[in-house]
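Peer 1: Whatever this is, show me its structure:
(2 chains)
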Number of protein chains: 2
Amino acid sequence: MPLSKLSREGVEEAYELIRNKVKKTPVLTSESISSMVTDNDSASSTLFFKCENFQKGGAFKFRGATHAIEKLTPDELKNGVITHSSGNHAQALAIAAKAKGVKAYIVMPSNSAQPKIEGTKGYGGEVYFSGPSAAERESMTAMIQQQTGAKLIPPYDNPDIILGQGTTLLELLSQVEENFGKKLDAVVVPVGGGGLLAGCALAAQGTGVRVFAAEPAAADDCYRGIAAGKRVPTVATTTVADGLRTPVGVINFPIIQQYVEAVFTVTEAEIVAAMRLIWERMKIIVEPSSAVPLAVVMSDRWRSIGVKGNIGLIVSGGNIDMNLIGPLLSSAC
Amino acid sequence: MPLSKLSREGVEEAYELIRNKVKKTPVLTSESISSMVTDNDSASSTLFFKCENFQKGGAFKFRGATHAIEKLTPDELKNGVITHSSGNHAQALAIAAKAKGVKAYIVMPSNSAQPKIEGTKGYGGEVYFSGPSAAERESMTAMIQQQTGAKLIPPYDNPDIILGQGTTLLELLSQVEENFGKKLDAVVVPVGGGGLLAGCALAAQGTGVRVFAAEPAAADDCYRGIAAGKRVPTVATTTVADGLRTPVGVINFPIIQQYVEAVFTVTEAEIVAAMRLIWERMKIIVEPSSAVPLAVVMSDRWRSIGVKGNIGLIVSGGNIDMNLIGPLLSSAC
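Peer 2: Modelled structure (predicted):
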């Protein structure tokens, strides 16, 4: 296999490989939400929501997992693939592996939520449990890898994963042109491990689209890393945006440094309010992580930098425990 | 204005009038839900969900309201429009009237849900309160009509409303062909007052698409009317599917009699289970009425008639009180 290019061209090549395997998820607009982010002055903004909550497995993660598998040779694939994840990447890899007809070994912390365990098993993943710490997960993964010869597919710190996730923006740009006859001025992308953000930043190169990152203040390693000029390797895991509780990856960080214009952080209350607004006005179920970009463009700090026009927001996923919806909604009242 | 034709041609003409004013709502599929309605034998079904929960005002009602307004002459429109409704039609008419630049008077029962009152006012509707009975609402409406000269736009028992709602199926058929390269074999439509059902039944004429109705057993006036060969003019108002608590209209009933192949009823538990399934698997927020068609195709009675292939389901709306979501979800567990 040729080397993966960490460039817009690399994202385009990734899309050629996966376009018939991923869902072309819809782009939705909401007049009422767009009007809320329009300033008192005459300039107005239109928001375009790229709905990866409708992607297979319920999140953008399926793009990266599919691309990473497509890049492997039959020989590399013959013993299956393996990852450790308690979240959307686990389900995504299980589905992608099943579609390819290979085994997927998934190491999950033993305290993972039951629906995620069931989901991963339901998609055909072979689940192994480890202790909750990173060290425990990694040693369990290494052990199974040794026994099976399975190929490791990490959740974000990997060029092929980054390029696969970047196809989200590629698709959004073409849909905004084809379906709405418009060009995006900017895109706001949630950042956890940085696979989606780095991929979208690469996809935006040469298009003139400005790329901004959205991060929970309670997990602001990216924000602090960019400010300090040095990756922050650990992060708190308390934010309601459970998909963003990971530090930015080693490969991801310099791409973000180079191509992302600014990182905005938002509070937990802002995230929950934005999520409730999306549910109510757009009638779609999104997980808290997906509401972080909207929370950003509704914040005063965003308004102060004066980005206007056609703004894309990446809705990263919709995998939320239904039993949490009631409590989250009442906490937002 | 020429007379409205209660035929497929009439629906096509309605679409020409409103196509640039309504949202072309997305058609979604779900492999996992489709696989659940596939029998053990080899024949399989693919479900296509026409998502009118994404329509302006959050329901298909905006189509009929827009069409009814478009059919009025400037002279008929000059004093505004009026209706009595506690639900989606009220909001839809308010938005359509605002877009046309005319006043909308909306008579709502004084016990209407606060979010619906706020919604209607928020869209620019001038709200008047009446007592809860049909007689009280009608006399209040007549009084305001007399004072203002506003034109009455009823929620369903009206040819232009019926034709406007029928554009939902017209659009669905073309989207299934364009986006999926397939032809629908059948469509399942929820029935309350019968505007949407009668309109879709007209739109299906000459296409070979079989039309079925979906109704809560707790509000089964359509089912009983068809069985008896005579419209049932009253209906219980206890079902969780609050959009379907109305008896079928006088104009609607004979159209349904002539063109709808069968009416299926489902229990309250089946409706809530189907709604939860849509939320979980499809990541969209639908109101209980919208889940009634899925509840039908998941029922044993549906399986027994052996309708297979490409089946359209009309998701009628997404207007649900967010505070009810928690309790509804736990009741479905």
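Peer 1: Can you report how many residues lie near the closest residue in space to A:Glu287 that isn't next to it in sequence?
Peer 2: Nearest residue to A:Glu287 in three dimensions, chain neighbours excluded: A:Ile320, at 4.5 Å (Cβ to Cβ, 6 or more residues apart in numbering or on different chains). Any C-beta I mention is one placed from the backbone N, CA and C, and that applies to glycine too. Residues lying near A:Ile320 (other Cβ atoms under 10 Å in any protein chain shown) number 23.
Peer 1: Over to A:Thr234?
Peer 2: A count of neighbours around A:Thr234, defined by other Cβ under 10 Å, yields 9.
Peer 1: Would you double-check that the residue nearest to A:Glu287 falls in a strand?
Peer 2: No: read with DSSP: H, G, I helix; E, B strand; the rest coil, A:Ile320 is coil and lies in no strand.
Peer 1: Please tell me how far the residue of the stretch 151-300 of chain A found nearest chain B sits from A:Gly64.
Peer 2: Chain B sits closest to A:Lys283 of the stretch 151-300 of chain A, with a gap of 3.4 Å, by Cβ to the nearest Cβ. Going from A:Lys283 to A:Gly64 by Cβ to Cβ, to the nearest Å gives 27 Å.
Peer 1: Which one of these two is surrounded by more residues?
Peer 2: A:Gly64 (32 against 26).
Peer 1: Contact partners for that one?
Peer 2: Counting by Cβ atoms under 8 Å, 6 or more residues apart in numbering or on different chains, A:Gly64 touches A:His89, A:Ala92, A:Tyr156, A:Asn158, A:Asp160, A:Ile161, A:Ile162, A:Leu163, A:Gly164, A:Gln165, A:Gly195, A:Gly199.
Peer 1: For B:Val266, state which of the residues you listed is nearest.
Peer 2: Set against B:Val266, the nearest of those by Cβ to Cβ is A:Ala92 (33.8 Å).
Peer 1: What's the mean pLDDT across the helix or strand where the closest one lies?
Peer 2: Assigned by DSSP states H and E, A:Ala92 belongs to helix A:88-100. Mean pLDDT, helix A:88-100: 95.
Peer 1: OK, contacts around the residue of the stretch 151-300 of chain A closest to chain B?
Peer 2: So, once contact is read as Cβ under 8 Å, 6+ apart, A:Lys283 ends up touching B:Asn53, B:Phe54, B:Gly58, B:Ile284, B:Ile285, B:Val286, B:Gly318.
Peer 1: Let me know the average pLDDT across stretch A:295-307.
Peer 2: For stretch A:295-307, the mean confidence score works out to 92.
Peer 1: measure it end to end?
Peer 2: Start-to-end span of stretch A:295-307 (Cα to Cα, to the nearest Å) is 15 Å.
Peer 1: Give the buried residues for it.
Peer 2: A:Ala295, A:Val296, A:Val297, A:Met298, A:Ser299, A:Trp302, A:Arg303, A:Val307 (16 or more other Cβ atoms under 10 Å in any protein chain shown).
Peer 1: Quick check: A:Ala113 touching A:Asp321?
Peer 2: Yes: between A:Ala113 and A:Asp321 there is a contact at 6.1 Å, judged by Cβ atoms under 8 Å.
Peer 1: Within range of chain B, give me the residues from chain A.
Peer 2: Taking Cβ under 8 Å from any Cβ of the partner chain as the test, the list of chain A residues beside chain B reads A:26, A:28, A:31, A:53-54, A:56, A:58, A:276, A:279-280, A:282-286, A:318, A:322-323, A:325-327, A:329-330, A:333.
Peer 1: In what element of secondary structure is the closest residue to A:Ile255 other than its chain neighbours found?
Peer 2: Leaving aside its chain neighbours, A:Ile255 sits nearest to A:Ala198 (4.0 Å; criterion: Cβ to Cβ, 6+ apart). Using DSSP H and E, A:Ala198 maps to helix A:195-204.
Peer 1: Identify all contacting residues around that helix.
Peer 2: With Cβ under 8 Å, 6+ apart as the criterion, helix A:195-204 contacts A:6-8, A:10-11, A:60, A:64, A:155-158, A:161-170, A:173, A:187, A:189-191, A:210-211, A:213, A:222, A:249, A:251-252, A:255-256, A:258-260, A:314, A:316.
Peer 1: Of these, grab the buried ones for PyMOL.
Peer 2: Typed into PyMOL, the line below selects the buried ones among those, using 16+ other Cβ under 10 Å:
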select buried, chain A and resi 6+8+10+11+60+64+155+156+157+158+161+162+163+164+165+166+167+168+169+170+173+187+189+190+191+210+211+213+222+249+251+252+255+256+259+260+314+316
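Peer 1: In helices, which of the contacts of helix A:195-204 fall?
Peer 2: A:8, A:10-11, A:64, A:161-170, A:173, A:222, A:252, A:255-256, A:258-259 (DSSP state H).
Peer 1: Tell me the pLDDT of the residue nearest to A:Glu287.
Peer 2: 87.
Peer 1: With A:Ser42 instead?
Peer 2: For A:Ser42, the predicted pLDDT is 50.
Peer 1: now the strands for the stretch 101-250 of chain A?
Peer 2: Ranges of strands within the stretch 101-250 of chain A are A:104-109, A:126-130, A:151-152, A:186-190, A:210-216, based on DSSP state E, counting those that start in this stretch.
Peer 1: Can you add mean pLDDT and give those back as TSV?
Peer 2: Listed next are the strands of the stretch 101-250 of chain A as TSV, based on pLDDT from 0 to 100:
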stretch	mean pLDDT
strand A:104-109	94
strand A:126-130	94
strand A:151-152	96
strand A:186-190	98
strand A:210-216	98
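Peer 1: A:Lys100 is in contact with A:Leu77, correct?
Peer 2: Yes: A:Leu77 is within contact range of A:Lys100, at 7.0 Å (criterion: Cβ under 8 Å).
Peer 1: joint contacts of these two?
Peer 2: Common contact partners of A:Leu77 and A:Lys100 (Cβ under 8 Å, 6+ apart): A:Ile69.
Peer 1: Could you count how many residues lie near A:Gln91?
Peer 2: For A:Gln91, using other Cβ under 10 Å, the count is 28.
Peer 1: typo on my end, A:Ser44
Peer 2: Neighbour number of A:Ser44 under other Cβ under 10 Å is 12.
Peer 1: what's the answer for A:Ser139, then?
Peer 2: Applying other Cβ under 10 Å, we find 14 residues neighbouring A:Ser139.
Peer 1: what pLDDT does it get?
Peer 2: At A:Ser139, the model reports a pLDDT of 93.
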